Each structure stands twice: as C-alpha cells, then as structure tokens.
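Enquirer: what follows is a protein structure lacking sequence information:
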C-alpha cells in the first residue's frame, strides 16, 4: 500500500532512521519536563525531612536529602546540555541511555526512602512516607512512561522496596496495604506502558506530518517554479511571435503578390505548377496567421470591443461566403435568420462562426449544415449543426488542443487544416466570455453552440445596412496611388500588382525628398497605401499626415502593416490631436471626421481583399460594415479566406 508519505519520499528512510527520529522527539519531550519533575522531587524530599526530623537519625536524613538534591541537580544539568546539544538527533541513543540512568537513580533514591524511613510503630509518619513516595511516583509517571526503558527502571525501584517492606511486617494491615500497593503498581505499569505508546504514536504522527508538510512545501515550490518557468516560456513565445510577426508577414506578402502576378502570365504546363504554388502559399499564410492569432490570444493582446451586432447581417455574409463551398460538396447550407441583436465583438464572433462553418463543411460528407440562433433566457444560442461523422466522447476535450485532428479528419485526406481552428475558437470564446458548448452523436452529427448576451435593442435589421458583396477584382483605371513600403520586394510586387489593375503609382521606401518632389508635380492623388513601420523615425501614420498636408486634402489611407490595428489607430488619433492643437486651420487638409481614419489591413493579405478594400476606400464599391472596421486581429484577411 502506498500513501502520501511513500509518494513524497518518506519510504526512502529505513525503519531504523525513522525510529531514531521518533526517539529523538520522545527524548526531547521528556527533557522538556525535567524542571517540573525536579520541583516535585524537591517538595517531596522536603516533606520527608520535616516529617522524620525528630524521629530518625538526622545524619542519615540529611545524607539522603543531599543525595536526592544532587540527583535533581544532575537531572537538571543533563536536560540543559540536551537543549544546547549541536547534534541531539545524531546522538539520540546516548541521550536515551543517560535518561534511563537518571530514571534508575531517581527510583533508587525514593526506593531507599521507603526502606530507610519505614516506621511501623508510627502509623501517621508511615502514612506520610507512603503518600510522598506514591505522589512522587505517580507525579513522574507521565515523564518516565514516555520512554519504556526509563519507566521500567524508575517505577519498580521507587515502589517495590516499600511494598516489600510492608509485606515483611506480616500483620494483616501491612499485608493488605502491600497487596493494594501492588495492584496500584501493576496498574501504574500498565497505564505507563499505554501512555508511553500513545506518546510514541503522537510524536511519530507529528514527525510524519512534518515530513508531509515539508514535502508538500517542497512540491509547492517545485510547482511554483515550474509555473513561473511556464509563464516565462509563454511570455518568451509571445514576445517571439510578436517580434517575428512583421518579419514573417513581409516575405509572405511579397510571395503572395508575385504568385498573383505569375498566375496571369502562366500558360501551358507551367499553369498547374503555378496553381500548386499558389495553394502552397495560401496554406503557409494561413498557418502563420493562425499561429500568430493563437499567440495574440494567449498573450491577452486581443481585447474585445463589445457593441450591438445584428445577427441577420452576419448570417447573410456567412451564407454568401459558404454557400458555394457547401454546394460544391453537394451539401445543403441553411441559414435561419432570427432578427436578434446581441452584445459582442462582431469581428471576433464572425471569426468563431467562420471556423465552425468551415469545419462543418469540411467534415460533412452528405446531408447539410444549419446556422441558427435561438433565445435562451437573456442569451442567444448561436448554433452550427452538421450531419457529419460526429466526435467520439473521448475526443471531446482534445478537439480544442492545438494541432489535434480527430478520427473524423482522417477522411479528408489530410487536406486544408492544421488542427488549429477549434483551438482558436475556444480561445476567442474565452476572450469574449461566451460559453462554448459541444454536443455530438457519432455517426449522426455535431452541434456547436455559442451563447451570447441578448441586446436590449429592438430585434430589427438596422436601416441602411450594407449588403455583402463578392470580393471581385475591380479595375483601378485613372487612380493614382502613393505606395510607402520599406521592404523593397514588397514595394516592387505591390506596385506591379496595382499597375496590373490599371492604377498609376508613386512608390517610395519612406517619406523623403524624392517622394515630396514627385507629389509636387502630380496633379491628383487618389489613395495612400503605407506600411506603419517604415524603418526610420517617420512612421506610416506620420507620413500620411505629411502627404495630406502637401496635397491639401484628407485622401483615403490604407495601412498595410504587421503592427496591431488598435495601436495604429491610437497613434493616428494622437498625431491628429497634436497637429490640430498646433494649427487648427489644418483640419480640412488632414481630417474632417472619423471617415478619414486609416483602414488597417494586416499582413499578409490577399490580392482580392486588398483590391476590394481599395475599391471601398475610393467609393468604387461598398464593403459590408463588418469587414471594414480596423482590426488588430487581422480578421479582414480572414473574411476574404
């Protein structure tokens, strides 16, 4: 049988080692009681001297008293030495033997008193002698009973001489008293043995508790150290991803643009190779973005912005996005509109529902998918139903782990997923504070429920809400776009992409004299596309303000960057307020309202989404409101797939 002490290493000690430590506790206990026992012995000795001073040889009486006092002093001295010993535990057997010797000496002193001062002719003094010896013996019983050897040395030597002397008188009275004292002696020995065992068990339990507490304290320290190490590792991982996000997105952005240009020129045998390359780049971009999103969610850098969200608009966008995917697999996608409004962060919730719908379509072979919302008290349960293979009960907890792909994923041939989608869903729901509930029946299907707070607003669709439009490539003929990007490859590829859409470009790696010269001779500027981190003291936000001041008009701005969207918008507002404070007359040139805030796109984005965002910024097309809100989470690119 194993217990906590065995588990914590108590069994590594030998039986002898444990006995020594318990014995050390016993000896320490008895030495602590020496002052009280010495006081009792002195009082008893004084009583005998007073009672027999006039009836017995005074020299003998004084000699006995001196010997008794000397025994008390020796006992006190040994106890003092024990308390100040450097290695009492290591020499515990020596101290135990000393205690047994002291017990024997003390017993002999009181046994001698029973023989020397027995007075059969004076019953009153005989009664005093019995009372004193019995009182000292029983008063010291708990002291000597703690160590069994000491008890066997003290009690027989202290009582048996008086009992024998009583029995030797031979009178009925003395024999009767001797028998009674013998019974009391036997009871005292039994009680002393029982009390000693109880004391032994108590000290043993205390020792084991100390071992347990020490072990638990050690384990807690180890656990705290491990927790701190894990937190440090998590912070390091988060800092690494935060630092690496810009460097990871830059080349991916360039590769994506170059592949898009290459697809237009690919013909014959190379067309399939380019298509394969495009798919690989998309998969790599998706993996990097999902890893970075998990890092941001774990670090707490993504904070929800709660607002009123009308589910019908969101459901309409999702229906248009996923209808073709479902139809391609022969699945029926049903979207049940409800008219409910909820309190949530619309982009984060949209990310959750997109992942759930994408998974449902991916793993459902036949049947259909249902997206619906049902009221549950003060909540709305947003539900995604599928008729797929379901999830085994033993997999329910693991499906939210990173890179875990359950049995149901084996049928897709390993395509299109990294096992991160549900992990992101779980983290986003935790950030939003929305319960995520999964019910499943293997072979029948699965239901994911996200419970969101019902808004107090009337259940209606907001007036003027924008319809979702397809992200088709629109021509930018006649538009002049300023492009600021410190990465040469991205600058070149982005410039070529914009020109392939018909736009004219003014490109530069930073806001410099060369760009100012180009702007001064250019008649009209339609749009600015800038990276926030331009590698020098002038940021993308600052550059856009300077360009607006040069041309005298708050031209639209798209910040294509790896920086966090909230940080970019915060810097924009700070710079805007500082400029207006210095020169309020510049307002018409740099910003008239929030409309002139930059649109933030996270790198890497897709050419289709970039084109749609440019078209919306220029008024060539209308993008849904849920898609154009600046987002630190990079959810815009996610919406474009």
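Expert: Received, thanks. Being a predicted model, the structure only gives us computed values, none of them experimental.
Enquirer: pLDDT below threshold where in the stretch 201-350 of the chain?
Expert: 201-204, 207-208, 211, 234-250, 253, 283-302 (pLDDT under 70).
Enquirer: which stretches of it form strands?
Expert: Listed in chain order, the strands of the stretch 201-350 of the chain (DSSP state E, counting those that start in this stretch) span 307-310, 332-335, 341-344.
Enquirer: of all those, which one is nearest residue 557?
Expert: Checking the strands of the stretch 201-350 of the chain against residue 557 by Cβ to Cβ gives strand 307-310 as the closest, at 23.4 Å. (C-beta placed from N, C-alpha, C; glycine too.)
Enquirer: partner strands of that closest one, with direction?
Expert: Sheet pairing of strand 307-310 (DSSP bridges) gives strand 341-344 (antiparallel).
Enquirer: figure out how far the strand it pairs with is from the centre of its chain.
Expert: 29 Å (Cα atoms, centre = their mean, to the nearest Å).
Enquirer: buried ones in that strand?
Expert: Neighbour counts over strand 341-344 (16 or more other Cβ atoms under 10 Å) mark 341-342, 344 as buried.
Enquirer: mind putting the residues you listed in CSV, distance to residue 38 included?
Expert: As requested, the buried residues of strand 341-344 are arranged in CSV below (distance: Cβ to Cβ, whole Å):
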residue, distance to residue 38
341, 87
342, 82
344, 79
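Enquirer: in JSON lines, list the strands of the stretch 201-350 of the chain along with distance to residue 93.
Expert: JSON lines is the format used below for these (distance: least, Cβ to Cβ, whole Å):
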{"stretch": "strand 307-310", "distance to residue 93": "79"}
{"stretch": "strand 332-335", "distance to residue 93": "85"}
{"stretch": "strand 341-344", "distance to residue 93": "74"}
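Enquirer: out of the ones you listed, which comes closest to residue 276?
Expert: Using Cβ to Cβ, the strands of the stretch 201-350 of the chain put strand 332-335 closest to residue 276, at 28.4 Å.
Enquirer: mind checking the SS state of the residue of the chain most remote from its centre?
Expert: Most distant from the centre of the chain: residue 121, at 85.2 Å, with distances by Cα atoms, centre = their mean. Per DSSP: H, G, I helix; E, B strand; the rest coil, the local secondary structure of residue 121 is coil.
Enquirer: for the one 3 residues further on, same thing?
Expert: Three-state call for residue 124 (three-state DSSP): helix.
Enquirer: and it, what does it touch?
Expert: Contacts for residue 124 were tallied using Cβ atoms under 8 Å, 6 or more residues apart in numbering; there are none.
Enquirer: please apply the same query to residue 315.
Expert: Per Cβ under 8 Å, 6+ apart, neighbours of residue 315: 335, 337, 371, 373.
Enquirer: okay, and the beta partners of the last one?
Expert: Spelled out, it's residue 373. With DSSP bridges as the rule, residue 373 is bridged to residue 382.
Enquirer: ok, it touching residue 380?
Expert: Yes. Counting by Cβ atoms under 8 Å, residue 373 touches residue 380, with 5.2 Å between them.
Enquirer: who touches both of these two?
Expert: The contact sets of residue 373 and residue 380 overlap at 311, 338, 340 (Cβ under 8 Å, 6+ apart).
Enquirer: who wins on neighbours among the residues you listed?
Expert: residue 311 (27 neighbours; other Cβ atoms under 10 Å).
Enquirer: report the contact partners of it.
Expert: 337-342, 373, 380, 382 are the contacts of residue 311 under Cβ under 8 Å, 6+ apart.
Enquirer: residue 303 too?
Expert: 431, 566.
Enquirer: distance of it from residue 345?
Expert: Computed as Cβ to Cβ, to the nearest Å, the residue 303 to residue 345 distance reads 9 Å.
Enquirer: same check, this time on residue 337
Expert: 21 Å.
Enquirer: between those two, who's got more neighbours?
Expert: residue 345 (24 against 15).
Enquirer: nearest residue to that one in space, please, no chain neighbours.
Expert: residue 304 (3.8 Å; Cβ to Cβ, 6 or more residues apart in numbering).
Enquirer: any idea how far that neighbour lies from residue 368?
Expert: From residue 304 to residue 368 the distance is 31 Å (Cβ to Cβ).
Enquirer: nearest to residue 501 among the buried residues of strand 341-344?
Expert: Residue 501 has its nearest neighbour among those in residue 344, at 35.4 Å by Cβ to Cβ.
Enquirer: what about residue 105, which SS state?
Expert: Under three-state DSSP, residue 105 comes out as helix.
Enquirer: now do residue 554
Expert: Three-state call for residue 554 (three-state DSSP): coil.
Enquirer: how close does the residue nearest in space to the middle of the chain sit to residue 213?
Expert: The C-alpha lying nearest the average C-alpha coordinate of the chain belongs to residue 227 (Cα atoms, centre = their mean; 7.3 Å). As judged by Cβ to Cβ, residue 227 and residue 213 stand 20 Å apart.
Enquirer: what do you get for residue 114?
Expert: According to Cβ to Cβ, residue 114 and residue 213 sit 48 Å apart.
Enquirer: tell me which of these two has more neighbours.
Expert: residue 114 (22 against 10).
Enquirer: my understanding was that the more buried one contacts residue 168; is that so?
Expert: No. The pair residue 114 / residue 168 is not scored as a contact, 11.6 Å apart, by Cβ under 8 Å.
Enquirer: show me what contacts the closest residue to residue 336 other than its chain neighbours?
Expert: Closest residue in space to residue 336, ignoring its immediate chain neighbours: residue 372 at 4.0 Å, by Cβ to Cβ, 6+ apart. Residues in contact with residue 372 (Cβ under 8 Å, 6+ apart) are 335-336, 338, 382-383, 385.
Enquirer: now do the same for residue 632: its pLDDT.
Expert: Listed pLDDT for residue 632 reads 32.
Enquirer: same deal with the one 3 residues further on?
Expert: Residue 635 is assigned a pLDDT of 30 by the prediction.
Enquirer: what strand or helix carries residue 79?
Expert: Following DSSP states H and E, one finds residue 79 within helix 58-83.
Enquirer: residue ranges with poor pLDDT in the stretch 1-150 of the chain?
Expert: For the stretch 1-150 of the chain, the stretches flagged by pLDDT under 70 are 1-20, 22, 86-90.
Enquirer: can you pull out the helices in it?
Expert: With DSSP state H, counting those that start in this stretch as the criterion, the stretch 1-150 of the chain has helices at 4-7, 15-32, 34-52, 58-83, 92-116, 123-139, 141-145, 148-169.
Enquirer: show me what contacts residue 75?
Expert: 34, 37-38, 102, 106.
Enquirer: quick one on the thing from earlier: redo the contacts of residue 315 as CSV? Include distance to residue 449.
Expert: What follows is the contacts of residue 315, written out as CSV (distance: Cβ to Cβ, whole Å):
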residue, distance to residue 449
335, 16
337, 18
371, 12
373, 10
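Enquirer: you'd agree residue 599 is up against residue 565?
Expert: No. The pair residue 599 / residue 565 is not scored as a contact, 9.5 Å apart, by Cβ under 8 Å.
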